[in-house]
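Colleague: what would the 3D arrangement of this be:
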Amino acid sequence: MSAPLKPNPKTQAAHRAQMVRQVWLPLGLSIVIILALAVLVILGGVSGSDNISRLSSLSLIYAIILPSAAFGLVALILLILMIYLLTRANRGLPLTASRVQNAVNQAAAVLRKAADAVVQPIINVQSFNAKIRAIGKHKVS
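Modeller: Now for the predicted structure:
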């Protein structure tokens, strides 16, 4: 059994710094901004200030409009990506569809030939019987 590997202190320090910079700092700033807006709204409401409508409009932007715009932007990016991928797929689709159609036509021809070969003895017997009946009717009349 080998001894468990010890984590590299340099990569751990880089990871911690990256976590602080990419996760905790934006999260902390967002929380501070939201709390500051909440405090301003409360102070504006208590003091009867005319700024309450301005602050409510600002909080509306942060609370409703910006997330909606972000989701809309994500939807737009996904739509553009799907259009791009479908365009690329449509370029290769005619060749693939032609190959599939040729394979299906060949399979149909083989199956038709096999089915004809299976029923050919029955058709030959019935044809022979019909000829004999025709000859018998021809001699009788």
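Colleague: can you tell me which helices and strands the one helix or strand Gln106 maps to packs against?
Modeller: Using DSSP states H and E, Gln106 falls within helix 66-140. With contacts taken as 3 or more CB pairs under 8 Å, 6 or more residues apart in numbering; DSSP states H and E, helix 66-140 sits against no other helix or strand. The way it works is simple: take the backbone N, C-alpha and C, and place the C-beta from them, glycine included.
Colleague: next one: phi and psi at Asn8?
Modeller: As for Asn8, its main-chain torsions (degrees, to the nearest 10) stand at phi -80, psi 120.
Colleague: centre-most residue in the protein?
Modeller: Closest to where the C-alpha atoms of the chain average out (CA atoms, centre = their mean) is Met82, at 8.0 Å.
Colleague: residues contacting Leu27?
Modeller: Residues near Leu27 by CB atoms under 8 Å, 6 or more residues apart in numbering: none.
Colleague: so, low pLDDT: which residues of this structure?
Modeller: In the predicted model of the chain, residues 1-3, 48-52, 55, 140-141 satisfy pLDDT under 70.
Colleague: next one: phi and psi at Leu5?
Modeller: Here is the backbone geometry of Leu5 (degrees, to the nearest 10): phi -70, psi 140.
Colleague: do you know how far Lys139 is from Leu78?
Modeller: Using CB to CB, to the nearest Å, Lys139 is found at 83 Å from Leu78.
Colleague: the more surrounded of those two?
Modeller: Using other CB atoms under 10 Å, the more surrounded residue of Lys139 and Leu78 is Leu78, with 10 against 7.
Colleague: contacts only, for the more buried one.
Modeller: Leu78 neighbours (CB under 8 Å, 6+ apart): none.
Colleague: restrict stretch 35-49 to CA atoms and write it as CSV.
Modeller: What follows is stretch 35-49, C-alpha atoms only, in CSV (Å, rounded to 0.1, in the frame of the first residue of the first chain):
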residue,chain,number,x,y,z
LEU,A,35,-28.3,45.3,2.9
ALA,A,36,-27.4,48.9,2.1
LEU,A,37,-30.4,49.3,-0.2
ALA,A,38,-32.6,47.7,2.5
VAL,A,39,-31.3,50.1,5.1
LEU,A,40,-31.8,53.1,2.8
VAL,A,41,-35.4,52.1,2.0
ILE,A,42,-36.1,51.7,5.7
LEU,A,43,-34.5,55.0,6.6
GLY,A,44,-36.4,56.7,3.7
GLY,A,45,-39.7,55.2,4.8
VAL,A,46,-39.2,56.2,8.5
SER,A,47,-38.1,59.8,7.8
GLY,A,48,-40.9,60.3,5.2
SER,A,49,-38.4,61.4,2.6
